[in-house]
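Q: based on what follows, work out the 3D shape:
(2 chains)
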Amino acid sequence: MPHPVAAEIAACFVHHDYSLAVRRMLDSCLDTGKEPLIREAVGWSRLYRSHEKDNKDSVPAGWLEEADRLLQQINSIAVQPVQQGASLVEADGISKTYTKGNFSLKRISLQIHTGDILGVVGENGNGKTTLLRCLAGQLALDEGTLSYRLLQDHSFYAIKNHVAFIPQRIPRWYGLLKDNLHFAASISGVTGDTNRLMVDFMLERLNLWDYAHLNWNQISSGYRTRFEIARILLQKPRLLILDEPLANLDINAQQTMLTDLRFIARSAYHPMGVLLSSQQLHEVEKVADTVLFIKQGSCLFRTREDATAAEGYAFEIETTAGREQIAQLLGGDGVQVHFNGGFYTITSAHRTVQQMITELVNHQVAITYFRDITWSSKRFF
Amino acid sequence: MAQRPLVPGFLKKLDNYLLINKPAVWSARTHLALWYSLLFAAALALTCFIVPFDARENSDVAAWVLFVSVIIGINVIGWLIYLLRFNVFKKFGHLPAAYGIKTFLLYAVVIGSFIAWAYIPAVVESIRANQAYTNEEIVRDINTANLDLCLLERDSLELKWGADTCIVRKDTVAAPEKKEQAEASVNLNEVAEEAEAAEEEPDTAVKGPVSTITLYYAHSDAAVLQKRLALADSVIRPNDSTYVFYECPTYNFMSFDADAWSRVKLLSSVDIYNKVLKNYRKPNRAAVRKQLDSIRMKYNREYELASKFYYPRNYHFNRGNYIGHTQSKYGMYDVSSSMNHITDKKYRWENRLIRDYVRPFYYIVFILTLLVFIFRHTTVKTFFLSVLAAIILLILTSLVFAFTRFRGGSQSVYWVMLVYFLLFAVVAFTIGIDRVRYGWKGIALNLFVFSLPYIPLIIVAQYYDCLREKYYSYEHPEKFLHKELHTHLAEAGGLVLVLLLLDIVIKPLYRKWYALPEQ
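A: Residues are numbered from 1 along each chain as shown, chains lettered A, B, ... in the order given. Below you'll find the predicted structure:
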């Protein structure tokens, strides 16, 4: 049976999306669990990366043929189906009040499964980090129960061994970055040649090779986040919790990271649950299976469940047209227009997204940005 | 792999191997610490060999030890900070079997290698002193000097042997079993006065035996008598219970324990008496003087002493007696002092090895290792709070003792220590049922671990204190016969206890406490 991703990789080659093809090829080779194949893939990727620095639009000679050979090998190996759906963490009515300060995280219930990505969004100081730290076993709960169903050992040491938490402010690393990665892998039981291979793989997969021999002070905050993710992934956690991982990343890196998280969560080699908080609502919503919107410590909205209950439609537009003109064009019929200084938020009881775009285009309104936020948590901001 | 100065290739390979295969060992950095420790030890030893040295001088070891101790302190702190970088335990990694014992021993090895630096100046000094003067050479010089001085000063020497008569009263008083019985039946003050008076009484044994020593208890008679017989220069036994002990006057103007490791033995006063005084023949004074001068010049350090000696050069305490007079006349005080310094350096390791060197080494290494182990298994904040708590507890306890006019003696101190230990232990064990991490319980756990190794020692000390309350050690030496052995066993037992409990009790408690969620 051909590998499910093989077709996707082949399509990337056709459309010259080489960077994505390399990442997916590495993932696919990792899924096979065959070390020689992974080693070959790492070498193949290295060839491309070193060529890419000087030649953006071309590939090294013989590289595509090598890719074909790798794909054939991947297809020839039966890959274990992804263990999706197994419940990882179940939080039932958990709440937390700090003894110092007035903030309370009110009762929240949620469930995370293997392969799931759960996004937590909300304004600053509304309880996202508190929720994440509670789920990571870092903060004691006032109420409710938290169960890590897949873990045989339910001691907190075992929980923290399997639940990785990446805080927004990543603690400083000491020594060479690569040594830290080797150490992370070896304390998780990945030793010997496998340790070397997995570190090389992770450096290649997250495109960190050129920085591996530097230390913490020599890399930017964005790369620090990537190295921290690489370190955590080498420890093979069951649940990955990231607090504002996109905060220090440029826009391309944000997209790359989110898609990588998607792939990593559903990896056949080591599937895991991912829980992340972010201010980048749309990016998170794109990749997350479920998004929780938290305000003042309460969960106000959760996609999947609450989206069906949305009343009316909501859009965001950015235009050169004035507020009066917009209101005049779209006014009446239950349409409300709000302007926050940057863009307009339009809510309508009846007009769908197609109708709205048609109307704006017909009236020759110059639109620079349009987004349907009917099903998005953005409505609550 | 990080570029570290002065690290050879094999060590880099080992470092790399440990990093990817034995993270717990690698993170202790024992291999690197030992290597750098070895380099420093070599540099220190070399420096000690290079610095100007005169074996006849007073030892400079104290200054060296102070200097090296400061370096050791800085080094231990530096190593501790370096250890903060990687920690398998605090990263919730897989802990290998016997992790606790392994890491504890690794820390001990590193700290031991640091503490060993303090002994290097003394070792080098001993080596240099041994190179400068052989064991036999010193003994021979002392013997020659003593004989020469006797020949030259024969007329001013004391030649009359002292006599001391001893009447042994066997089984006159039965030894009481208990201290209380003895106190009830004997007036100890009277006994003391009697003994004092006897000591001051001139001995007339040569003219007619007079009792001068009363050995009080029958069971101790034999021991004292045997000892005196062994030490006496000459003994006459006029009857069954009377002994006249003769003591040869001292002819050792430079008397040292210098012959313990020499094939040549020091001449005793009796030997000297027999050799040159018993059948005295007038010597060739010029030749003898020349020989004596050559020894004096060999050990002379007048020049060096001139600036250091507190007293005037010609000042001696005992000029009144013939020893002081002779030493002063021939300048032998300096020679004697120089020889003393030389033998101090040469033989400093003999007899005192365990008491003066092994025991301090053992305790310093053990205590520092325990502190490092605790530091590696608790939060930095809790560690320093534990130190603070221990100091505060000590101050408060001392204040309570002071204000309550405490008169309980060492036993009560031991009881207080045991009570504290039990308190820490109880609190530490409740961590097992906690669902939240409490800082104060972490402090109790740290103090429990830190005080654990001293418990056997406290129990032994307590036991012997109780015993001392009931019995006098000189009455019942058999009850105190194994005190030293028991103390040694308790000292070693502390270490064994810690090693036994490290993986069974201590590690699980730390593991539980450290991983618990915070409030």
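
Q: for the closest residue to B:Ser27 other than its chain neighbours, give me the pLDDT.
A: Closest residue to B:Ser27 apart from its sequence neighbours, by CB to CB, 6 or more residues apart in numbering or on different chains: B:Phe86 at 4.0 Å. C-beta here means a position set from N, CA and C on the backbone, and glycine is covered the same way. On pLDDT, B:Phe86 comes in at 93.

Q: look at A:Leu105 and say how many residues are nearby.
A: The tally of other residues near A:Leu105 (other CB atoms under 10 Å in any protein chain shown) stands at 27.

Q: distance of it from chain B?
A: Using CB to the nearest CB, to the nearest Å, A:Leu105 is found at 14 Å from chain B.

Q: does that residue count as helix, strand or coil?
A: strand (DSSP: H, G, I helix; E, B strand; the rest coil).

Q: thought it was touching A:Asn126?
A: No: A:Leu105 is not in contact with A:Asn126 according to CB atoms under 8 Å; the separation is 9.1 Å.

Q: contacts for stretch B:396-415, please.
A: For stretch B:396-415, contacts defined as CB atoms under 8 Å, 6 or more residues apart in numbering or on different chains pick out B:Val416, B:Ile458, B:Ala461, B:Gln462, B:Asp465, B:Cys466.

Q: so A:Cys134 belongs to a strand, correct?
A: No: assigned with three-state DSSP, A:Cys134 falls outside any strand and is helix.

Q: now it: how far from A:Arg107?
A: 12 Å (CB to CB, to the nearest Å).

Q: of the two, who's got more company?
A: Set side by side, A:Cys134 and A:Arg107 show more neighbours around A:Cys134, with 23 against 17, by other CB under 10 Å.

Q: which ones are touching the more buried one?
A: Contacts of A:Cys134 (CB under 8 Å, 6+ apart): A:Ala91, A:Ile94, A:Lys96, A:Leu105, A:Leu141, A:Leu146, B:Pro517.

Q: try 6 Å this time
A: Contacts for A:Cys134 (CB atoms under 6 Å, 6 or more residues apart in numbering or on different chains) come out as A:Ile94, A:Lys96, A:Leu141.

Q: could you find the closest non-adjacent residue to the last one?
A: Here the nearest residue to A:Leu141 in space, its sequence neighbours aside, is A:Ile94; by CB to CB, 6+ apart that works out to 5.1 Å.

Q: tell me the phi and psi of the one you found?
A: Note on A:Ile94: its backbone torsions stand at phi -80, psi 140 [degrees, to the nearest 10].

Q: gap between it and chain B?
A: Per CB to the nearest CB, A:Ile94 is found 12 Å from chain B.

Q: count of residues packed around that residue?
A: 22.

Q: partners of it in the sheet?
A: A:Ile108 (DSSP bridges).

Q: returning to that earlier point: pipe the contacts of stretch B:396-415 into JSON lines and attach neighbour count and pLDDT per row.
A: JSON lines is the format used below for those (neighbours: other CB atoms under 10 Å in any protein chain shown; pLDDT from 0 to 100):
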{"residue": "B:Val416", "neighbour count": "15", "pLDDT": "91"}
{"residue": "B:Ile458", "neighbour count": "18", "pLDDT": "94"}
{"residue": "B:Ala461", "neighbour count": "20", "pLDDT": "93"}
{"residue": "B:Gln462", "neighbour count": "17", "pLDDT": "92"}
{"residue": "B:Asp465", "neighbour count": "15", "pLDDT": "90"}
{"residue": "B:Cys466", "neighbour count": "12", "pLDDT": "89"}
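
Q: and the average pLDDT for stretch A:61-70 is what?
A: The model assigns stretch A:61-70 a mean pLDDT of 90.

Q: just stretch A:356-370 next, same as before
A: Per-residue scores along stretch A:356-370 average to 86.

Q: name the nearest residue to whatever residue of chain A ends up closest to chain B, ignoring sequence neighbours.
A: The nearest approach of chain A to chain B comes at A:Ile187, 2.7 Å away (CB to the nearest CB). Take A:Ile187 and drop its neighbours on the chain: the residue closest to it by CB to CB, 6+ apart is B:Gly93, 2.7 Å away.

Q: what does whichever helix in chain A runs longest contact?
A: Using DSSP state H to define each element, chain A has its longest helix at helix A:35-52. Helix A:35-52 is contacted by residues A:22, A:25-26, A:29-30, A:60, A:63, A:66, A:73, A:197, A:200-201, A:204 when judged by CB under 6 Å, 6+ apart.

Q: same check, this time on stretch A:63-81
A: Contacts of stretch A:63-81 (CB under 6 Å, 6+ apart): A:Pro2, A:His3, A:Ala6, A:Ser28, A:Asp31, A:Thr32, A:Leu37, A:Trp44, A:Leu47, A:Ala268.

Q: can you check stretch B:117-127 too?
A: With CB under 6 Å, 6+ apart, stretch B:117-127 has contacts from B:Ala41, B:Leu44, B:Ala45, B:Cys48, B:Phe49, B:Val61, B:Trp64, B:Val65, B:Val68, B:Ile72, B:Lys345.

Q: so what's the residue count around the first one?
A: A count of neighbours around B:Ala41, defined by other CB under 10 Å, yields 16.

Q: ok, the helix or strand harbouring it near chain A or not?
A: Per DSSP states H and E, B:Ala41 falls inside helix B:30-50. No: Helix B:30-50 stays clear of chain A (CB under 6 Å from any CB of the partner chain), getting no nearer than 11.8 Å.

Q: if we ignore the residues flanking it in sequence, what's nearest B:Cys466?
A: Closest to B:Cys466 by CB to CB, 6+ apart is B:Gln411, at 7.1 Å.

Q: check what pLDDT the one you found gets.
A: 84.

Q: any weak-confidence spans in the chain?
A: Looking at chain A here, since you left the chain open. Residues of chain A that meet the criterion pLDDT under 70 lie in A:1-4, A:80-85, A:303-311, A:331-333.

Q: that's the wrong chain, I meant chain B
A: Ranges of chain B meeting pLDDT under 70: B:1-2, B:169-223, B:255-256, B:301-320, B:351-354, B:405-408.

Q: do that again at 50, thanks
A: B:172-179, B:181-189, B:191-192, B:195-196, B:198-220, B:303-309, B:311 (pLDDT under 50).
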